[in-house]
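Colleague: Output the structure for:
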Amino acid sequence: MRRAIKLLVYTVLTAVFLTSCGNGTSLQSYFVDHQEAKNFMTQDLPLSMVEIDKSKFTEAQTEAYNSVNKLNFLGYKASETDAETFKKEVENVKTILSDSKYNDLMEFSDKGNKIYVKYIGTDEEADEVVIFGSAKDMGFGIVRILGDDMNPEKMVTLMEALQHANVEEGQIEDILNFFKE
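Modeller: Next up, the predicted model:
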């Protein structure tokens, strides 16, 4: 009996040790660790709360839109006095997103700011899609898109459609106000 308990304790300690020696911080733990930190804001948005005119969506875009359940947003508001902190936090996020589990989906520039889109999963099905963009004068934002049976290729077409969609500012007013203040 004593030997069995000893073996059990060693097994548990080994499991804890191996688990704690993972690849570092995950994006989810970064969200949790920073949700109440200074200059950060988080918001969970069920997609049903964001009204978008889907009448001009293609079949692939509609399918991609319907596969999304919710959006998790984490934003950091830059200030002139915290330039070093901003730089450090951007590097932290880039380090997390450089993990091999994140596949590159697309990159684009919007008004001179680079936006990265990555996903976790296979070419046929994404478990999570991540959008990360930053601007020195405003800060940065990360959106985790969570859903079921999300196809990365179709998500690209959806993102292209959403870039040109009219989203009511009232629906994302809290986020916009956070960066304006």
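Colleague: quick one, what contacts the most centrally placed residue in the chain?
Modeller: In the chain, the centroid-proximal residue (C-alpha atoms, centre = their mean) is Arg144; its distance is 2.9 Å. Applying C-beta atoms under 8 Å, 6 or more residues apart in numbering to Arg144 gives the contacts 27-28, 31, 71-73, 128-130. C-betas here are computed from N, CA, C, even on glycine.
Colleague: So Thr157 sits against Glu63, correct?
Modeller: No - Thr157 is beyond contact range of Glu63, at 9.5 Å (criterion: C-beta atoms under 8 Å).
Colleague: Pairing partners for the strand ranked longest in the chain, with directions?
Modeller: The residue-count maximum for a strand in the chain (DSSP state E) belongs to strand 139-150. In the sheet, strand 139-150 lines up against strand 68-77 (antiparallel), strand 126-135 (antiparallel) (DSSP bridges).
Colleague: Reformat those as TSV; add distance to Asp110, mean neighbour count and mean pLDDT.
Modeller: Formatted as TSV, those follow (distance: least, C-beta to C-beta, whole Å; neighbours: other C-beta atoms under 10 Å; pLDDT from 0 to 100):
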stretch	distance to Asp110	mean neighbour count	mean pLDDT
strand 68-77	16	19	91
strand 126-135	7	20	92
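Colleague: tell me which residues form a beta bridge with the residue nearest to the residue nearest to the centre of the chain when sequence neighbours are not counted?
Modeller: Distances taken as C-beta to C-beta, 6 or more residues apart in numbering put Asn72 closest to Arg144, at 4.1 Å, once the chain neighbours are dropped. Under DSSP bridges, the beta-bridge partners of Asn72 are Asp44, Arg144.
Colleague: do the one 5 residues further on as well
Modeller: The bridge-partner assignment for Lys77, based on DSSP bridges, gives Gly139.
Colleague: Now Glu107: closest residue in space that isn't a chain neighbour?
Modeller: Tyr116 (5.5 Å).
Colleague: hang on, that neighbour packs against Phe140?
Modeller: No - counting by C-beta under 8 Å, Phe140 is not a contact partner of Tyr116; they are 10.7 Å apart.
Colleague: Give me the common contacts of the two.
Modeller: Listed contacts common to Tyr116 and Phe140 are 132-133; contacts here mean C-beta under 8 Å, 6+ apart.
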